[in-house]
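Enquirer: requesting a structural model of the entry that follows:
(one chain, ligands or ions: 2)
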Amino acid sequence: MVTPHIAAGPADFAPRVLMPGDPLRARRIAQDFLTDARQVTDVRGILGFTGTYRGEPMSVMASGMGAPSMSIYATELFRFYGVQRIIRVGTAGALQESLSLGDVIVVSAAHTDATAATVRVPGVTLSLAPSPRLLVDALAAAGDDAQVGPVLSSDYFYLDRPEVIDRLTALGTLAVEMEAAGLYAVAAAEQREALTVLTVSDHIRTGEAMDAATRETRYQRMVDIAARALLARPVG
Ligand SMILES: O=P(O)(O)O[C@H]1O[C@H](CO)[C@@H](O)[C@H]1O
Ligand SMILES: O=c1cc[nH]c(=O)[nH]1
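Expert: Numbers count the residues shown, from 1 in each chain. Ligands and ions are numbered 1, 2, ... in the order given. Down below sits the predicted model:
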């Protein structure tokens with residue numbers, strides 16, 4: 001089986017997939033977390049790997065950046081490769097003072113300025129939310145080690161909108177990132193399960209930021225929570 005964007009055999013992906021934005025983070029996660037990981041696709045440099053985690057098949061594949069890229073890869077994995085469950089493991093810019101660099105967020109809802117919430121049902125703005133069971137399983141895996149709440153999935157990394165950020169912060173939005181809404185919309189359309197778990201890499205209020213190398217490597221707690229949530233229930 002080959003789709004326009006994934007060159008892998010029909011059985012090359014596990015039903016459970018961890019999905020960072022960054023292909024290099026995908027390779028590091030595969031090396032650090034999976035046993036006997038092998039690369040299964042590299043089209044456009046978007047790397048995918050399959051191995052086992054705690055004895056169960058598991059894959060890691062990058063989504064690239066932004067809702068359009070995430071939508072392509074999540075759709076192809078769900079529709080053509082038998083994937084049942086995807087957890088995005090990404091980085092985010094924190095909005096709330098209660099968050100510090102390195103903190104983990106479990107994303108219970110995704111506000112968005114993208115079309116993901118409005119394009120599928122004319123006249124209706126969809127609520128973009130994770131699979132309730134995956135959310136429960138991730139919170140159980142996280143214990144007190146994560147905050148849970150809504151984020152903004154934005155189409156823009158560089159867009160100065162202080163009034164928008166202020167209003168979202170006042171509404172309790174925890175952070176800004178770019179793919180959770182796209183993933184949740186595709187999972188709903190394909191009737192599959194999805195969740196997003198994030199690590200705070202920047203603080204929008206204080207200006208603190210991890211460098212690129214730290215963003216690529218500081219994912220241990222987030223991936224541990226996500227991998228355990230992926231395994232918590234049988235698939236299919
Ligand atoms: O670190 P990842 O998972 O790519 O996530 C965040 O980082 C990218 C922007 O630098 C966007 O993809 C955003 O969502
Ligand atoms: O500020 C940030 C940090 C990570 N990802 C984003 O989209 N924004």
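
Enquirer: contacts for the least confident helix or strand in the chain by mean pLDDT next, please.
Expert: Within the chain, confidence by mean pLDDT, DSSP states H and E is lowest for helix 212-217 among all helices and strands, at a mean of 83. For helix 212-217, contacts defined as Cβ atoms under 8 Å, 6 or more residues apart in numbering pick out 22, 24, 25, 28, 91, 201. Where C-beta positions appear, they are placed from N, C-alpha and C, glycine not excepted.

Enquirer: repeat for stretch 69-81
Expert: Contacts for stretch 69-81 (Cβ under 8 Å, 6+ apart): 1, 3-6, 8, 10, 12-13, 17, 19, 21, 46, 61-64, 83-84, 86, 88, 116, 179, 182-183, 185-187, 190, 192, 194.

Enquirer: picking that back up, now, the contacts of helix 212-217 that are in strands?
Expert: Secondary structure from DSSP state E places 91, 201 of those in strands.

Enquirer: ok, which of the contacts of helix 212-217 also contact ligand 1?
Expert: With Cβ under 6 Å from any ligand atom as the criterion, these include 22, 91 near ligand 1.

Enquirer: are any of the contacts of helix 212-217 buried, and which?
Expert: With neighbours counted by 16 or more other Cβ atoms under 10 Å, those contain buried members at 22, 24, 25, 28, 91, 201.

Enquirer: would you confirm that the last one contacts residue 219?
Expert: No - in this structure, residue 201 sits apart from residue 219 without contact. The criterion is Cβ atoms under 8 Å, and the distance is 9.9 Å.

Enquirer: Provide a list of residues in contact with residue 156.
Expert: With contacts defined as Cβ under 8 Å, 6+ apart, residue 156 is in contact with residue 113.

Enquirer: secondary structure element for it?
Expert: Using DSSP states H and E, residue 156 sits in no helix or strand.

Enquirer: ignoring the adjacent residues along the chain, who's closest to the residue minimising distance to the centre of the chain?
Expert: The residue lying closest to the centre of the chain (Cα atoms, centre = their mean) is residue 88, at 1.7 Å. Spatial nearest neighbour of residue 88, chain neighbours left out: residue 196 (4.2 Å); criterion: Cβ to Cβ, 6 or more residues apart in numbering.

Enquirer: please write out the alpha-carbon positions of the host helix or strand of the one you found in CSV.
Expert: Assigned by DSSP H and E, residue 196 belongs to strand 193-203. C-alpha atoms of strand 193-203 as CSV (Å, rounded to 0.1, in the frame of the first residue of the first chain):
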residue,chain,number,x,y,z
GLU,A,193,-9.6,7.8,18.5
ALA,A,194,-7.3,10.8,19.0
LEU,A,195,-5.7,12.8,21.8
THR,A,196,-3.0,15.5,22.1
VAL,A,197,-0.4,15.7,24.9
LEU,A,198,2.0,18.6,24.9
THR,A,199,5.2,19.8,26.5
VAL,A,200,5.5,23.6,27.1
SER,A,201,8.5,24.8,25.0
ASP,A,202,7.8,28.5,25.2
HIS,A,203,6.0,30.9,27.5
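
Enquirer: which neighbouring elements make contact with it?
Expert: For strand 193-203, the elements it packs on are strand 85-94, strand 104-112, helix 132-142, strand 175-177, helix 180-190, helix 220-231, judged by 3 or more Cβ pairs under 8 Å, 6 or more residues apart in numbering; DSSP states H and E.

Enquirer: and the fifth one, is it in reach of ligand 1?
Expert: Just to be clear, that refers to helix 180-190. No - using Cβ under 6 Å from any ligand atom, helix 180-190 stays clear of ligand 1, with a minimum separation of 8.0 Å.
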